[in-house]
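[1] sequence and predicted structure, then a few things I'm wondering about:
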2 protein chains.
Amino acid sequence: MDNVFKALADASRRRLLDLLRADNGQTLGRLCEHLDMTRQAATKHLKLLEEANLVVTIWRGREKLHYLNPVPIHEIADRWIGQFERHRLRALDDLKKALEEENDV
Amino acid sequence: MDNVFKALADASRRRLLDLLRADNGQTLGRLCEHLDMTRQAATKHLKLLEEANLVVTIWRGREKLHYLNPVPIHEIADRWIGQFERHRLRALDDLKKALEEENDV
DNA sequence: TTGACATGCAACCATTTGGATGCATAATTG
DNA sequence: CAATTATGCATCCAAATGGTTGCATGTCAA
């Protein structure tokens, strides 16, 4: 799961996921058209996304098609973020009380 | 939002959030007891978490209390992850079809 | 079969990151 | 007041990161 968080930490990589969400199955070349970096830099980002299993690739001839895999994001939402969502109102209340107490003292 | 993703990218920082979720309002010293690094290293992590607004601190005497702020995580879940969740089944279907086609050819 | 096209691989570079160490400051306590 | 405690600030360091450039490989098309 650390892989996934790390992969999501970079704006260019999130951009790539957005591009695939808009149009799934794009080649490297097409993805690069929307990015302000060399093809090789984009390749590195895509490699991290693949390693985090956020992107799955399929070779067709000399082209490499990139597909979004939504499963890891779903798992993070479900397992990790879910835990914070469950305690969300309590945490907000803790914070509110602490801030009030601060003003009193 | 980039701040938040970056802050979440490190396992030690996610650990700190977990510690606060378990027991909100801890001092720096108490948080350090659970971490395998120097106090100064932990301070740096907490600084990033504060800058991402994931943690709010309150001074009480010489102690600094750390509180979880659940809002940024909620926003990410809502705005960013939500977009992927909405297209999740379609993305899975795209991927499934692409993999099937690959086997045919 | 030759040339163009899509991608990969490797080396290199600057900056950021995660951590340590040493010293400084402010608050509490005996 | 002196000693202890809780934290901050600055510097240094190694490793990771994000990017570039140059060259290599495999595929398609004339």
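    Good, I have the coordinates.
[2] for residue A:45, which non-adjacent residue is closest in space?
    Spatially, and ignoring its direct neighbours in sequence, residue A:45 is nearest to residue A:13 (4.9 Å; C-beta to C-beta, 6 or more residues apart in numbering or on different chains). Backbone N, C-alpha and C define where each C-beta goes, glycine included.
[3] got the contact list for that neighbour?
    Residue A:13 makes contact with A:7, A:45, A:48-49 under the criterion C-beta atoms under 8 Å, 6 or more residues apart in numbering or on different chains.
[4] which among these gets closest to residue A:94?
    residue A:7 (31.5 Å; C-beta to C-beta).
[5] the helix or strand the closest one falls within vs DNA strand C: in contact?
    Assigned by DSSP states H and E, residue A:7 belongs to helix A:2-8. No: taking C-beta under 7 Å from any atom of the strand as the criterion, helix A:2-8 and DNA strand C are apart, separated by no less than 8.7 Å.
[6] any idea how far that helix is from the middle of the chain?
    7 Å (C-alpha atoms, centre = their mean, to the nearest Å).
[7] is it anywhere near chain B?
    Yes: interface with chain B: helix A:2-8 contributes A:2, A:5-6, A:8 (C-beta under 8 Å from any C-beta of the partner chain).
[8] show me what contacts the residue of chain A found nearest DNA strand D?
    Nearest to DNA strand D in chain A, going by C-beta to the nearest atom of the strand, is residue A:61, at a distance of 2.1 Å. For residue A:61, the contact set (C-beta under 8 Å, 6+ apart) is empty.
[9] quick check, pLDDT for the spatially most central residue of chain A.
    Residue closest to the average C-alpha location in chain A (C-alpha atoms, centre = their mean): residue A:8, at 3.4 Å. With respect to pLDDT, residue A:8 scores 98.
[10] what's it in contact with, if anything?
    Residue A:8 neighbours (C-beta under 8 Å, 6+ apart): A:14, A:54, B:5, B:8-9.
[11] any idea how far residue A:49 is from the closest residue in space to residue A:84 that isn't next to it in sequence?
    In space, and not counting its chain neighbours, residue A:84 is closest to residue B:73: 4.9 Å by C-beta to C-beta, 6+ apart. Distance, residue B:73 to residue A:49, by C-beta to C-beta, to the nearest Å: 22 Å.
[12] tell me which of the two has more neighbours.
    Neighbour count, other C-beta atoms under 10 Å in any protein chain shown: between residue B:73 and residue A:49, residue A:49 has more, with 27 against 22.
[13] can you list contacts of the one helix or strand the more buried one maps to?
    Using DSSP H and E, residue A:49 maps to helix A:39-51. Residues outside helix A:39-51 that contact it (C-beta under 8 Å, 6+ apart): A:3, A:6-7, A:10, A:12-13, A:16-17, A:28-29, A:31-32, A:35, A:55-57, A:66.
[14] returning to what we had before: and the two most separated of the contacts of residue A:8?
    A:54 and B:8 (15.0 Å).
[15] so does the helix or strand encompassing residue A:65 get close to DNA strand D?
    Per DSSP H and E, residue A:65 falls inside strand A:63-68. No: residues of strand A:63-68 contacting DNA strand D under C-beta under 7 Å from any atom of the strand: none, with a closest distance of 7.6 Å.
[16] noted, bye for now.
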